[in-house]
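J.: pasting the sequence and the predicted coordinates here, then a few questions.
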Amino acid sequence: MTMTPLDALLTRYSVGPKHLVEPGPGDAELTLMAQAALRAPDHAELVPYRFKVVRGDSKRGMAALFADAARASAKGEEGAALDAERALRPPVTVAVVARIDLGHPLVPAHEQWAAVGGAVANFLSAAHALGFGGKMLSGAKVRNPAIAAAFCEPGETLVGWIALGTPARRAAGPARKPDPGQLLIDWHPPCK
Ligand SMILES: Cc1cc2nc3c(=O)[nH]c(=O)nc-3n(C[C@H](O)[C@H](O)[C@H](O)COP(=O)(O)O)c2cc1C
């Protein structure tokens, strides 16, 4: 049965790296995800983000960076091995890098961050619509100077990584989500 666009939005749940197996998305599918990201609202079309694809041999380089960061934060060799595994396990990882122009004359920083969030959401929904699982992850690693420098140009911010692959099991259900009625509120003007 084909998934409608609304089905894709309503049935996307994160799938953690533990449950992601080969194959990951290829070039054509990653391009569709990036195109979907570009359909997110973006004031003045600044495209304040970049996606950096980590796959193949590059995963080992990212694993080494993660392991060094774990050692630097006193996680020890066990922590280093765990963090290295986090880099190696997903078939494809996509780093999300934000490029926020703090001095933009028209678009304040919070609007640019909203565009980044919309892009990530669309990227993940497109992955799901294409049959892939994924999860956005960050952690203290994003603030490690060596890791940030490896992914970012000066002035950019490393937001985190989207782990991608084929889901080995159905994603968890919507148990943690509030009823939409809690966030959909009729507004009335204040009484004078
Ligand atoms: C920028 C960003 C960073 C995140 N970092 C983490 C993380 O490090 N660890 C984690 O478990 N979830 C993290 N999350 C949350 C998950 O990606 C996911 O959205 C959350 O577990 C809710 O699951 P759902 O997408 O199935 O609703 C992050 C989300 C965002 C937007």
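T.: All right, it came through fine. Numbers count the residues shown, from 1 in each chain.
J.: what about the nearest residue to Ile100 once chain neighbours are set aside, which SS state?
T.: Distances taken as C-beta to C-beta, 6 or more residues apart in numbering place Gln112 nearest to Ile100, at 4.8 Å, with adjacent residues excluded. All C-beta spots, glycine's among them, are computed from the backbone N, C-alpha and C. When classified by DSSP: H, G, I helix; E, B strand; the rest coil, Gln112 comes out as helix.
J.: hmm, Gln112 is touching Glu45, no?
T.: No. Taking C-beta atoms under 8 Å as the definition, Gln112 is not a contact partner of Glu45, at 11.3 Å.
J.: those two: who's more crowded?
T.: Comparing Gln112 with Glu45 by other C-beta atoms under 10 Å, the one with more neighbours is Gln112, at 22 against 10.
J.: which ones are touching the more buried one?
T.: His43, Leu46, Pro48, Ala98, Ile100, Asp101, His104 (C-beta atoms under 8 Å, 6 or more residues apart in numbering).
J.: possible to save these as JSON lines with pLDDT?
T.: Listed next are the contacts of Gln112 as JSON lines, based on pLDDT from 0 to 100:
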{"residue": "His43", "pLDDT": "98"}
{"residue": "Leu46", "pLDDT": "98"}
{"residue": "Pro48", "pLDDT": "98"}
{"residue": "Ala98", "pLDDT": "98"}
{"residue": "Ile100", "pLDDT": "98"}
{"residue": "Asp101", "pLDDT": "98"}
{"residue": "His104", "pLDDT": "98"}
